[in-house]
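[1] Sequence first, then the predicted structure, then my questions.
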Amino acid sequence: MAVSGYCNYPLEAQNKIKIGGFSTINIEKVVSLRPDFVLATGGVQEAVVEELERLGLTVIALNAKSIEEVFENIRLVGKAVGQLEAARELTTKLEQRTKAVTDKAKDLPDSQRPRVFYEVQDEPLMTAGPGTFIDDLIHLAGGVNIASDAAAKYPVYNLETLIERNPEVIIISVGHGSIAASVEAVKSRKRWQIIDAVKNNRVYGINA
């Protein structure tokens, strides 16, 4: 029925009614659409969830802290929309792919585990810290999240700290536009050229 301005997958999502940004939801517009239920992110959108529930809407708040909880959320949404079997089939495939990666990475010595920085957004620079499924994914894939000791789940990250911790791999979330162009933009940022990941061309973009 409606999506946030960040929802661009599948392609059909781009043609849906927009109800605001990730944390700037137009609550009046949501209410006017009279949805059967609203999917939201717990924690980050907690205030929005509480307001929508106060207004009488049914809200399913998803707040995965691990890859296993991501799978649980997929099944939960599948059940909510009457597609539980399809959701189970999808999670089975994802679990198999995850196991294929973790089986290769689980015995890596610390010396072979690369330092990883995951960029959630660039302005302000934000990353994924402890208690997030992204942190869990980095660990399962054999990396070391340089922000695993952050004080928040999604902290604003200081450039000086980023340079000091010198990640060997940088992964960026690309919500709009070309992945290749987004990667090049990161590599051209002022002072980022001294970071190992940029020097060694190990900056990767993913649709998120």
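    Received the coordinates, thanks. Numbers count the residues shown, from 1 in each chain.
[2] where does this structure dip in pLDDT?
    Within the chain, the segments meeting pLDDT under 70 span 22-23, 43-44, 176-177.
[3] what are the ranges of the helices in it?
    Under the criterion DSSP state H, the chain contains helices at 27-33, 46-54, 67-80, 84-105, 133-140, 159-165, 179-187, 196-199.
[4] among those helices, which is nearest residue 1?
    Across the helices of the chain, residue 1 has its closest neighbour in helix 27-33 (6.0 Å, Cβ to Cβ). All C-beta atoms are positioned from the backbone trio N, CA, C, and that covers glycine.
[5] Off-centre distance for the closest one?
    Centroid displacement of helix 27-33 relative to its chain, using Cα atoms, centre = their mean, to the nearest Å, is 25 Å.
[6] for that helix, packing partners?
    Helix 27-33 is packed against strand 2-3, helix 46-54, with contacts defined by 3 or more Cβ pairs under 8 Å, 6 or more residues apart in numbering; DSSP states H and E.
[7] To residue 166, which of those lies closest?
    Closest approach to residue 166 among the helices and strands packed on helix 27-33 is made by helix 46-54 (34.1 Å; Cβ to Cβ).
[8] what does the domain assignment say about the protein?
    Structurally, the chain divides into domains by automatic domain parsing as follows: 2-62, 67-105, 110-207.
[9] so which of the ones you listed is the most packed in?
    Mean neighbour counts were compared across these using mean count of other Cβ atoms under 10 Å; the top stretch is domain 110-207, at a mean of 16.
[10] first vs last residue of it, how far apart are they?
    Its start and end residues considered, domain 110-207 measures 29 Å (Cα to Cα, to the nearest Å).
[11] Please apply the same query to stretch 153-160.
    With Cα to Cα as the measure, stretch 153-160 spans 19 Å from end to end.
[12] what separates that stretch from the chain centre, distance-wise?
    With Cα atoms, centre = their mean, you get 15 Å for stretch 153-160.
[13] if I look at residue 32, how far off is residue 56?
    Between residue 32 and residue 56 the distance is 13 Å, computed by Cβ to Cβ, to the nearest Å.
[14] what is in contact with those two at once?
    Common neighbours of residue 32 and residue 56, using Cβ atoms under 8 Å, 6 or more residues apart in numbering, do not exist here.
[15] So which of the helices of the chain is nearest residue 119?
    Closest to residue 119 of those is helix 179-187 (Cβ to Cβ; 7.4 Å).
[16] quick one: contacts of the closest one?
    With Cβ under 8 Å, 6+ apart as the test, helix 179-187 has contacts from 119, 122, 170, 172, 174, 192-193, 198, 201, 203-207.
[17] a markdown table please, covering the residues you listed and showing distance to residue 60.
    Shown next, in a markdown table, are the contacts of helix 179-187 (distance: Cβ to Cβ, whole Å):
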| residue | distance to residue 60 |
| --- | --- |
| 119 | 28 |
| 122 | 29 |
| 170 | 33 |
| 172 | 28 |
| 174 | 26 |
| 192 | 38 |
| 193 | 44 |
| 198 | 39 |
| 201 | 41 |
| 203 | 35 |
| 204 | 31 |
| 205 | 29 |
| 206 | 25 |
| 207 | 23 |
